[in-house]
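Undergrad: based on what follows, work out the 3D shape:
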Amino acid sequence: MKNEIDENIGTPTPSKTLIAVEQNRKQMNSSLMLRRFFTLNATSSSSSSCSASLKPPSKRKQLVFLGSPQVSAAVLDDLFNASTAPDSMFEVAAIVTQPPSGRNRGRKVMPSPVAQHALDRGFPSDLIFTPEKAGEEIFLSSLRALQPELCITAAYGNILPRKFLEIPPMGTVNIHPSLLPLYRGAAPVQRALQDGVKETGVSLAFTVRALDAGPVIACERFEVDDQIKATDLLALLFSQGSKLLIHELPSIFDGSANLKAQPQDDSKATLAPKITPEESWLSFDQEASVLHNKVRAFAGWPGTRAKVVVIDDKNGEHNVLDLKIITTRVCGQSNIQVIEANDVRFIKDALVFPCSGSSALEVLEVQLPGKKVVNAAAFWNGLRGQRLKILG
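TA: Numbers count the residues shown, from 1 in each chain. Coordinates of the predicted model:
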């Protein structure tokens, strides 16, 4: 149901705009209001936001960007750059991102990469919204007051309710890193790599209530290398998606994108569910290619792990290690014959793990808990003659 607050106002005069902004600022003091980032740069934020609120209404179309991780920050940067062009049709009116969270080893509470990048670019802190959920009424009221004409999402990480989708008259457009309707959901790149796909891509689609099911405005295809990891593929796809968005914005603003957008064939849809930490364990009763694809897919977070036993034949001691597997490749046939059941050997530059179907996985980089990533040779030398076996 639409909020009635602006329906009888019509086009606001500058004085009404100032009143709306002032009401919005008072709402920010509520305990339910969005978290802001005044503490990072209080003086400059105050002055910049004040000057921003006194600007006359812009003739450029008002665009709101929603995103959270680093790949989203790269998209935002492209939008900032495009908006500064003399002939630009739009400006970034506000940013919506995930609330600050504890990151890194010290768990220091930090703004999302998108929020931090916006602040670094001098964007007013009071125009950065961080609701816990995109359906919060105070947040929606603030968004309505801005009167955005278009919203853009790129890995925002929150479900958008109907009340949100009804606000921008030109709709909400999402950059989705898959060839829709394939891999709808939270982890399209990871699940595609896990499946060992040879081709993927990025889609620009209108957002509807159903998950990633809106009409597709445009898409770009991308050939997948068998060594590329999810972190690198995500960056490539969002970079391409950003260029695609900038190219298509004129058609979105003039309405022609609505006419050319193609409905998705739901019968061909596949899902890409969220990854869980429990999925990170490797099971060597699977074929090496399956494990290699999983290592690539789960790179970054949550990573992939294996339990191994270090055996000291001199004193009979057994030490179980939780080994994080960083980089792998599928072993060539010439190496497999020297491997015995559950024995891990070092051959050339790799730790060779026996797998199902007479296959083997070459592990090139590993990491012990609390330690740095090391190559296989450094790890093997650190064993000092001790044997290594898969814990079965």
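Undergrad: quick check: which element contains residue 241?
TA: Per DSSP states H and E: residue 241 is located in helix 230-254.
Undergrad: now do the helix or strand following that helix: everything it contacts.
TA: With elements assigned by DSSP H and E, the helix or strand that comes after helix 230-254 is helix 256-260. With contact meaning Cβ atoms under 8 Å, 6 or more residues apart in numbering, helix 256-260 is reached by 171, 206, 215, 217, 248, 251. The C-beta positions use only the backbone N, C-alpha and C, and glycine is treated the same way.
Undergrad: quick revisit: how about the helix holding residue 241: buried residues?
TA: Across helix 230-254, burial judged by 16 or more other Cβ atoms under 10 Å covers 230-231, 233-234, 236-238, 240-242, 244-246, 248-249, 251-253.
Undergrad: so which elements touch that helix?
TA: Applying 3 or more Cβ pairs under 8 Å, 6 or more residues apart in numbering; DSSP states H and E, one finds that helix 230-254 contacts helix 70-83, strand 150-154, strand 172-176, helix 188-194, strand 199-206, strand 216-223, helix 256-260.
Undergrad: and the third one, average pLDDT?
TA: Taken as a whole, strand 172-176 has an average pLDDT of 98.
Undergrad: next: the fifth one.
TA: The pLDDT scores in strand 199-206 average 98.
Undergrad: shaky segments in this structure?
TA: Counting by pLDDT under 70, the chain shows low-confidence ranges at 1-58, 103-106, 333-340.
Undergrad: could you pick out the longest strand of it?
TA: Counting residues, the longest strand found in the chain (DSSP state E) is strand 317-330.
Undergrad: ok, it: who's next to it in the sheet?
TA: strand 304-312 (antiparallel), strand 360-367 (antiparallel) (DSSP bridges).
Undergrad: any chance of these in a markdown table, with distance to residue 279 too?
TA: As requested, the strands paired with strand 317-330 are exported to a markdown table (distance: least, Cβ to Cβ, whole Å):
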| stretch | distance to residue 279 |
| --- | --- |
| strand 304-312 | 9 |
| strand 360-367 | 17 |
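Undergrad: grab the nearest non-local neighbour of residue 343.
TA: Nearest in space to residue 343, with sequence neighbours left out and distances taken as Cβ to Cβ, 6 or more residues apart in numbering, is residue 389 at 5.8 Å.
Undergrad: hang on, the one you found is in a helix, isn't it?
TA: No. Counting by DSSP: H, G, I helix; E, B strand; the rest coil, residue 389 falls outside a helix, being strand.
Undergrad: what's the distance between it and residue 209?
TA: According to Cβ to Cβ, to the nearest Å, residue 389 and residue 209 sit 52 Å apart.
Undergrad: so which of those two has more stuff around it?
TA: With neighbours defined as other Cβ atoms under 10 Å, residue 389 and residue 209 compare such that residue 389 has more, 15 against 11.
Undergrad: highest mean neighbour count out of the strands paired with strand 317-330?
TA: Counting by mean count of other Cβ atoms under 10 Å, strand 360-367 has the highest mean neighbour count of these, with a mean of 22.
Undergrad: run the chain-centre distance for that strand.
TA: 26 Å (Cα atoms, centre = their mean, to the nearest Å).
Undergrad: which residues are contacting that strand?
TA: Contacts with strand 360-367, where a contact means Cβ under 8 Å, 6+ apart, come from 284, 288, 291-292, 323-331, 335-336, 339, 347, 349-355, 373-376, 379.
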